[in-house]
Every structure is written in structure tokens, then in C-alpha cells.
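Peer 1: need a structure here:
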Amino acid sequence: MDTPDYRYWMALDRWNRSEAAMLLDNKDPDKHRGAKLSSPDADHIYPDARKIYRMLERFSWASYGGNEYKTKERPLYIIDAARRMGIAVPEPLLQEAKRRQERDQPIAEQPDSVSRPASSQTKERATMLKLILALACGGYGMKVDATRNLQAKSMRTDCERLGIPLDDETIKKYLDEAKALRRAILAEQGPYNAPAASRGSS
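Peer 2: Okay, here's the model as predicted:
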């Protein structure tokens, strides 16, 4: 019997592309270790798994944000990507994925100032931080997942030109806070529930 142990596979933190393609094709990767889905020869033996493999290979993992090299190995994101590409995910695998997401519910690292809003004041601050992040990315070309805020100098110059001076450290502080808020929101939503605008498009 070739049916995979989906509970076991969903307990793992990483899948390689061949494992993912086999699982999405309702096949047990452990029983098909010799399959070379990267080879055109697989078209005759594993036609569906080969197609899934090629679709995963060409998927825009950067649309999820973060480190795409890690994202493309994470089971929950692989399953979400498959659904976005119209691949039929086996129902038992989908159910295990939902259980895994409910168990994990990652708690994002974030400063106290960006914890989920509990009052109108914190809601207003969260709104302000969202606007800051959108303007920094859209107006100054800031990369939302960059570890350094290289646009702070340009923003400081524009503030000075407008007569509302701010120093680099203050600007960086708010940018870091805004990025932390975004990470917290996306982590809380998970890949299934994130709005299309946050996930991007493939």
C-alpha cells in the first residue's frame, strides 16, 4: 500500500521538492526514494508527480516574504503554494496541515510596543506603523525583510527639507517597530489566512 503517513510527514519541519511532489501526488516518498523527478525520464513513470515537481520549482516563493530558501521547504507553505497553483491537495494531507497550523500558532518576537492592540491608542499606533512601513517600502524602496534600514538617511533628508527634522536613530526605531508589527500580523495569520496583498501573487 502506497498511502503516505501524512501525520508523520506533517510533523517534519522540512520537505525537499521531491518529497513534496510525491506527497501531493498521494505517494509515500520513502517508497520512491529512487525517483528522479528532476529528470524528463520521470514523465513516463511519475507523470503527475513530475508535473507537481516542476510547478513547485517555478513557484514564486518570494511572494511570501522572508527567506524564500527556507520558505520553499516548509510543509505549510508548500501546501498553500500548491493550492494557489490549482494542485489538488489530498484531503488527509490537508487535514493534517490544518492540525499542524493550529498546534504551532507561532508567537512572533516583538517589542511590547507592537503587541496586539488592546485600546484605541494602541490601535492608532499600529495604524501609524503600517502607514510608515507602506510609505518606506513604496516611496523609498525599502526591502521589508532587510536587516538594515538603508533608507533612513534619505528619509531624514526629506524631513529636514520639510522643516520637521528627525535623526537617523529615531527613524530606524520606527521602521524596526513597523517591521516587527508586520511579522507579528503575518505569523498570527499563517499562510492559509494571510490576505492576498500580504502574500503577493504568483
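Peer 1: not counting its neighbours along the chain, what's nearest the one residue sitting closest to the centre of the chain?
Peer 2: Among the residues of the chain, the one closest to the centroid is residue 64, at 3.5 Å (CA atoms, centre = their mean). Closest residue to residue 64 apart from its sequence neighbours, by CB to CB, 6 or more residues apart in numbering: residue 71 at 5.1 Å. Yep, even glycine has a C-beta here, placed from its N, CA and C like the rest.
Peer 1: how about the contacts made by residue 99?
Peer 2: Neighbour list for residue 99: residue 10 [criterion: CB atoms under 8 Å, 6 or more residues apart in numbering].
Peer 1: tell me which helix or strand comes right after whichever strand or helix holds it.
Peer 2: Assigning secondary structure by DSSP states H and E places residue 99 in helix 91-104. The C-terminal neighbour of helix 91-104 among helices and strands, as given by DSSP H and E, is helix 120-140.
Peer 1: quick one: that next one to chain centroid distance?
Peer 2: Helix 120-140 sits 21 Å away from the centroid of its parent chain (CA atoms, centre = their mean, to the nearest Å).
Peer 1: which positions in it come out as buried?
Peer 2: For helix 120-140, burial by neighbour count (16 or more other CB atoms under 10 Å) applies to 125, 126, 129, 132, 133, 136, 137.
Peer 1: ok, which stretches of this structure are helices?
Peer 2: In the chain, helices defined by DSSP state H lie at 6-11, 17-24, 42-45, 47-58, 68-71, 75-84, 91-104, 120-140, 152-161, 168-193, 196-199, listed in chain order.
Peer 1: and those, which is most packed in?
Peer 2: Neighbour counts (mean count of other CB atoms under 10 Å) averaged over each of the helices of the chain peak at helix 17-24, with a mean of 24.
Peer 1: kindly provide the distance from residue 167 to residue 46.
Peer 2: Per CB to CB, to the nearest Å, residue 167 is found 59 Å from residue 46.
Peer 1: residue 6 and residue 90 touch, don't they?
Peer 2: Yes: applying CB atoms under 8 Å as the test, residue 6 and residue 90 come out as touching, 7.5 Å apart.
Peer 1: overlap in contacts of the two?
Peer 2: With CB under 8 Å, 6+ apart as the test, residue 6 and residue 90 both reach residue 23.
Peer 1: show me what contacts residue 95?
Peer 2: Residue 95 makes contacts with residue 6, as judged by CB under 8 Å, 6+ apart.
Peer 1: of residue 167 and residue 46, who's got more company?
Peer 2: residue 46 (21 against 11; other CB atoms under 10 Å).
Peer 1: got the domain boundaries for this protein?
Peer 2: The record's domain split for the chain, according to automatic domain parsing, is 6-104, 112-199.
Peer 1: in TSV, list these along with mean pLDDT.
Peer 2: Formatted as TSV, those follow (pLDDT from 0 to 100):
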stretch	mean pLDDT
domain 6-104	89
domain 112-199	77
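Peer 1: could you export the helices of the chain as JSON lines, including distance to residue 34?
Peer 2: Formatted as JSON lines, these follow (distance: least, CB to CB, whole Å):
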{"stretch": "helix 6-11", "distance to residue 34": "19"}
{"stretch": "helix 17-24", "distance to residue 34": "10"}
{"stretch": "helix 42-45", "distance to residue 34": "10"}
{"stretch": "helix 47-58", "distance to residue 34": "13"}
{"stretch": "helix 68-71", "distance to residue 34": "26"}
{"stretch": "helix 75-84", "distance to residue 34": "22"}
{"stretch": "helix 91-104", "distance to residue 34": "22"}
{"stretch": "helix 120-140", "distance to residue 34": "46"}
{"stretch": "helix 152-161", "distance to residue 34": "53"}
{"stretch": "helix 168-193", "distance to residue 34": "31"}
{"stretch": "helix 196-199", "distance to residue 34": "35"}
